[in-house]
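Student: let me see the structure of the following:
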Amino acid sequence: MKIVMGDERWVKSEMTNKTHHASRVTRHVPLTKARIGVLMGGQSSEREISLKTGLAVHRALLRRGYDAVAIDVDATLIRRLRAKKVDLVFLALHGPGGEDGTIQGLLESIGMPYTGSGVRASAIAMHKVTTKALLAYHDIPVPPGTVVLAGRKGAGRTSSIPAGLRLPVVVKPAAEGSTIGVSIVRRREEWRSALKRAHAYDEEAVVESYIAGREIAGAVVAGPRGPVALPTVEIVAPGGFYDYAAKYQKGRTRYLCPAPLSAAVTRRIRDLAVRAY
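Tutor: Reported below is the predicted structural model:
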């Protein structure tokens, strides 16, 4: 599903349905008349943050004069979308189920336009192992690392830091967001607990070399003439770790936009972001 918002008057949605001989479904919906369903909540570990995101989006849409309804996602979603006569969906879901292609695929199956990336891009971007492999293949720099599996598959690999890596390392679940389950291991005695924490959320734990430095975010959006890099943002978190609390507790983190960088470094970041996109 692709939504092209060339201006604020129309949303054009195009969906390829492979089970019906690649027939193409196209809708034209005037935004001033469309009912927008803001999907939030769900059942992931990021539910509470998703609710905050969704309510903020819902309030913003109402302030701008749009017809918007807030929907906490559950098993009755399709029925509720139809009952509320929703024309298109604004996705404010976080984590597995909401960012991994699942909800995107469900919405495509009923021909419902939605915001954000499609099924394949969502599934790839949510899974850190797949994302890293693709980026590395295209010569986009990524930190060295490996994957440690939980249970018997990972037996023999969990007792010590994986070969080829030196402390400090970062340990994180392969498919979680919001820094959930993430640890920075600086001492060997922290290794087992960090691995256990990551495996509590995912049987795959990504272990990477820790890279000290400044944290810069480079976002990209689809424009009418191709991907566009937004201004860079420097994230200054307390203690240098942009964890769950630093992300979501007001006042803990400073955001500098545009990031105070040289023109050359800024250009490099923006170029890498567009290539990754």
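Student: can you pull out the helices in this protein?
Tutor: Listed from the start of the chain, the chain has helices (DSSP state H) covering 47-63, 77-83, 102-109, 119-126, 128-137, 191-199, 244-248, 263-276.
Student: for the second one, packing partners?
Tutor: In terms of contacts (3 or more Cβ pairs under 8 Å, 6 or more residues apart in numbering; DSSP states H and E), helix 77-83 is packed against strand 67-72. Using the backbone N, CA and C atoms, a C-beta is placed for each residue, glycine as well.
Student: not counting the strand it packs on itself, show me its contacts.
Tutor: Residues lying outside strand 67-72 but in contact with it, judged by Cβ atoms under 8 Å, 6 or more residues apart in numbering, are 33-42, 51, 54-55, 58, 61-62, 77, 80-81, 84, 86, 90.
Student: show me the contacts for the nearest residue to residue 205 once chain neighbours are set aside.
Tutor: Counting by Cβ to Cβ, 6 or more residues apart in numbering, residue 198 is the residue found nearest to residue 205 once chain neighbours are left out, at 3.9 Å. Residue 198 is in contact with 171, 172, 173, 181, 182, 183, 205, 206, counting by Cβ under 8 Å, 6+ apart.
Student: kindly provide the distance from residue 198 to residue 147.
Tutor: When Cβ to Cβ, to the nearest Å is the yardstick, residue 198 and residue 147 sit 11 Å from each other.
Student: common neighbours of these two, please.
Tutor: Common contact partners of residue 198 and residue 147 (Cβ under 8 Å, 6+ apart): 205, 206.
Student: can you list the weak-confidence ranges in the stretch 101-250 of the chain?
Tutor: Counting by pLDDT under 70, the low-confidence segments of the stretch 101-250 of the chain come to 152-159.
Student: list the beta-bridge partners for the closest residue in space to residue 84 that isn't next to it in sequence.
Tutor: Here the nearest residue to residue 84 in space, its sequence neighbours aside, is residue 69; by Cβ to Cβ, 6+ apart that works out to 5.3 Å. Bridge pairing for residue 69 (DSSP bridges) gives the partners residue 37.
Student: local confidence estimate at residue 85?
Tutor: Among the per-residue scores, residue 85 shows a pLDDT of 96.
Student: for it, the count of nearby residues, please.
Tutor: For residue 85, the neighbour count with other Cβ atoms under 10 Å is 10.
Student: kindly report the same for residue 185.
Tutor: 21.
Student: surely it meets residue 170?
Tutor: Yes: distance between residue 185 and residue 170: 7.5 Å, which falls inside the contact criterion (Cβ atoms under 8 Å).
Student: thinking again about what came up before, among the contacts of residue 198, which two are most distant?
Tutor: With distances taken as Cβ to Cβ, the most widely separated pair in those is 183 and 206, at 11.4 Å.
Student: good, we can wrap up now.
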